[in-house]
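Enquirer: Show me how the following folds:
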Amino acid sequence: MTEPTPLPDLVIRHGTVVTATAVFPADVAITGRQIAAIGRDLRGQREIDASGQYVIPGAIDGHVHLGMPIGRFTSTDDFCHGTRAAAFGGTTAIVDFVETRPEETMLAALAARQAVAAEAVIDYGLHMTIGPTDVAKLDQLPAARAAGCGSVKLYMAYGLRLNDGELLRALAAAAEVGALPVVHAENWDVITTLIAANLAAGRTAPHWHPRSRPAELEGEAAGRVIDIAAYVGTPVHIFHVSCAATVARIAAAKARGLPVTGETCPQYLTLTDELYDRPGVAGALPVCSPPLRPAADRDALWRALSSGALDLVTTDHCPFTADEKATGLDDFSRIPGGVPSIESRLALVYAGLAGDRATPDPAALSRWVDVCCTTPARIFGFARKGQLLPGYDADVVLFDPTREFTISPESLHETAGWTPYDGLTVRGWPTTTISRGEVIVADGRWLGTVGRGRFVAR
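Expert: Residues are numbered from 1 along each chain as shown. You can find the predicted model right below:
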């Protein structure tokens, strides 16, 4: 007698599945940690009714800074609280960073960062940062790549800034091992010159932060590293694009057939540089780099995201408290840079791409999933995430497009005590987050456990 086929552990029923290519009614079956089937009228040992909700792959945020020391301060969300907030917002995997000390090997730094990340509640990867002291260690990059760092972070600003010759060497080394270079592109020489001139003239308020980091020179820096990468023969990914000038450089590179991708962030899609003119610490809170830009740049970013000129949305989540931000009120260059967005990203992008419509647009819904889930998985090397397919990790999010949610420090789970989107009401918010088959968020309740996240070798 043939044994009956066991029922899947969990079936999400009656929802509307949204993928990067299609929108259709279907059930999603999960067995263990993997998706078992997509179909109709599936039954499971446990069932979730997703009527009226979108069922999407878990979102992936490929650019976060959790518990990151910057100068005198450390970003407020550690791996436990930051990944928990991410899960409440429908994100099931993140990529953070490894930075080596001058005498530390890449593998030792990787192990140390993994120890810090041990409290993560969702899966994570790590970019290996290549700073000036790491150029002499490029022979260690094959070992770091083999250990799971499928990408390398290159800075064109700050103390980690590489000059053009160092960029050339780092890009060539990344190409040799098949690691993706991800780049913070700004013109640091121009920035430091403008900062010095503004401070010397007594222009110390946050108003002068964006005026010391010109959009045109962000575009120039992006174009420069794209050209060096093309000479070397490696793909390159441009981080946190803030302006039309950088979009133009990326679009031109794509038109030449170059393997260039770019991302933007919720702060650039939602906010403008007028916020820097608010009095007191309110003007310092949104200081981040690149800075917020005028509304024309914000609108250009939405168009680029819709058209494919930009490929995905991350957060560059790196929050500091209001008291820490206030320490730079008499010198804008000393304000710790970064804003919190890890929990709001999925809903904010939905609102901009697909939410403001009388009837759902399947193409807009698919684009939303593509830029938040599927393309980040592909670009950042999560081979079994970002899609709802049998055999993939059962990272699944239920998203209620009718739920109204007012963003505030009290309604979020981030720890900075403020949010740049305070008071903004969005229509559409995640209700359930499933990570590798385990329901970790359900209707605003936390069901996960500290340390359940895993390092994903990419």
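Enquirer: Extract the C-alpha set from whichever strand or helix holds L217 and format it as PDB.
Expert: Here L217 sits within helix 215-232, counting by DSSP states H and E. C-alpha atoms of helix 215-232 as PDB (Å, rounded to 0.1, in the frame of the first residue of the first chain):
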ATOM      1  CA  ALA A 215      25.500  66.600  -7.100                       C
ATOM      2  CA  GLU A 216      27.500  67.200 -10.300                       C
ATOM      3  CA  LEU A 217      30.700  65.900  -8.500                       C
ATOM      4  CA  GLU A 218      28.800  62.900  -7.200                       C
ATOM      5  CA  GLY A 219      28.100  62.200 -10.800                       C
ATOM      6  CA  GLU A 220      31.700  62.800 -11.800                       C
ATOM      7  CA  ALA A 221      33.000  60.400  -9.200                       C
ATOM      8  CA  ALA A 222      30.500  57.700 -10.300                       C
ATOM      9  CA  GLY A 223      31.600  58.200 -13.900                       C
ATOM     10  CA  ARG A 224      35.200  58.000 -13.000                       C
ATOM     11  CA  VAL A 225      34.900  54.700 -11.100                       C
ATOM     12  CA  ILE A 226      32.700  53.300 -13.900                       C
ATOM     13  CA  ASP A 227      35.400  54.100 -16.400                       C
ATOM     14  CA  ILE A 228      38.200  52.500 -14.300                       C
ATOM     15  CA  ALA A 229      36.000  49.400 -13.800                       C
ATOM     16  CA  ALA A 230      35.400  49.300 -17.600                       C
ATOM     17  CA  TYR A 231      39.200  49.500 -18.200                       C
ATOM     18  CA  VAL A 232      39.800  46.700 -15.700                       C
END
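Enquirer: What is that helix packed up against?
Expert: For helix 215-232, the packing partners by 3 or more C-beta pairs under 8 Å, 6 or more residues apart in numbering; DSSP states H and E come out as helix 164-177, strand 180-184, strand 236-238, helix 244-255, strand 260-264. (C-beta placed from N, C-alpha, C; glycine too.)
Enquirer: what sits up against it?
Expert: Residues from elsewhere that reach helix 215-232 (C-beta atoms under 8 Å, 6 or more residues apart in numbering): 154, 156, 164, 167-168, 171-172, 175, 181, 183, 185-187, 190-191, 235-236, 238, 241-246, 248-250, 252-253, 256, 258, 260, 262, 290, 293, 297.
Enquirer: ok, back up a step: which of the helices and strands packed on helix 215-232 has the highest mean neighbour count?
Expert: The highest mean neighbour count among these, using mean count of other C-beta atoms under 10 Å, belongs to strand 236-238: a mean of 27.
Enquirer: Which neighbours in the sheet does that one have, and how are they oriented?
Expert: Using DSSP bridges, strand 236-238 pairs in its sheet with strand 180-184 (parallel), strand 260-264 (parallel).
Enquirer: Distance check, L42 against F399.
Expert: Using C-beta to C-beta, to the nearest Å, we find L42 at a distance of 20 Å from F399.
Enquirer: Could you do A86 as well?
Expert: A86 is 15 Å from F399, by C-beta to C-beta.
Enquirer: next one: I60
Expert: 15 Å.
Enquirer: Over to S333?
Expert: S333 is 40 Å from F399, by C-beta to C-beta.
Enquirer: Which of the helices and strands in this structure ranks last by mean pLDDT?
Expert: Within the chain, no helix or strand scores below strand 69-70, which has a mean of 88 by mean pLDDT, DSSP states H and E.
Enquirer: Show me what that strand pairs with in its sheet, parallel or antiparallel.
Expert: Sheet pairing for strand 69-70, using DSSP bridges, gives strand 73-74 (antiparallel).
Enquirer: Give the rounded mean pLDDT of the next helix or strand after the strand it pairs with.
Expert: Going down the chain from strand 73-74, the next helix or strand is helix 79-88, by DSSP H and E. Mean per-residue pLDDT for helix 79-88: 98.
Enquirer: now stretch 162-182
Expert: Averaging pLDDT along stretch 162-182 gives 98.
Enquirer: Go ahead and name everything in contact with stretch 95-112.
Expert: 60-66, 68, 79, 113, 117, 124-129, 131, 133-134, 137, 140-141, 143-144, 147-149, 151, 153, 160, 380, 458.
Enquirer: The same query, at a cut-off of 7 Å, please.
Expert: 62-66, 113, 117, 124-129, 131, 133-134, 137, 140-141, 143-144, 147, 149, 153, 380 (C-beta atoms under 7 Å, 6 or more residues apart in numbering).
Enquirer: Now go through those residues and say which are in strands.
Expert: Mapping the contacts of stretch 95-112 onto strands (DSSP state E) picks out 124-129, 153.
Enquirer: List just the nearest of these to E410.
Expert: Set against E410, the nearest of these by C-beta to C-beta is Y124 (26.9 Å).
Enquirer: Spatially nearest residue to that closest one (excluding sequence neighbours)?
Expert: Leaving out its chain neighbours, the residue that sits closest to Y124 by C-beta to C-beta, 6 or more residues apart in numbering is I94, at 5.2 Å.
Enquirer: how many other residues sit next to that neighbour?
Expert: I94: 31 surrounding residues under other C-beta atoms under 10 Å.
Enquirer: I'd assumed it was in a helix, is it?
Expert: No - counting by DSSP: H, G, I helix; E, B strand; the rest coil, I94 is not part of a helix but strand.
Enquirer: For it, give me its contacts.
Expert: Contacts of I94 (C-beta under 7 Å, 6+ apart): 61, 64, 83, 86, 122, 124.
Enquirer: Okay, V439 and R452: tell me how far apart.
Expert: For V439 relative to R452 (C-beta to C-beta), the value is 12 Å.
Enquirer: quick one on the thing from earlier: which one's more surrounded, A86 and F399?
Expert: The neighbour comparison of A86 against F399 (other C-beta under 10 Å) goes to A86, with 34 against 27.
Enquirer: wait, that one sits on I122?
Expert: Yes - using C-beta atoms under 7 Å, A86 is in contact with I122, at 6.2 Å.
Enquirer: Would you quantify the distance from the closest residue to A252 other than its chain neighbours to L154?
Expert: Excluding the flanking residues, the one nearest A252 by C-beta to C-beta, 6+ apart is G223, at 7.9 Å. From G223 over to L154 the distance is 15 Å, taken as C-beta to C-beta.
Enquirer: Comparing these two, which residue is more hemmed in?
Expert: More crowded of G223 and L154, by other C-beta under 10 Å: L154, with 26 against 19.
Enquirer: which residues sit in contact with G150?
Expert: G150 sits next to 179-180, 381, 458 when contact means C-beta under 7 Å, 6+ apart.
Enquirer: For those residues, which entry has the maximal number of neighbours?
Expert: Counting neighbours by other C-beta under 10 Å, A179 comes out on top of the contacts of G150 with 25 neighbours.
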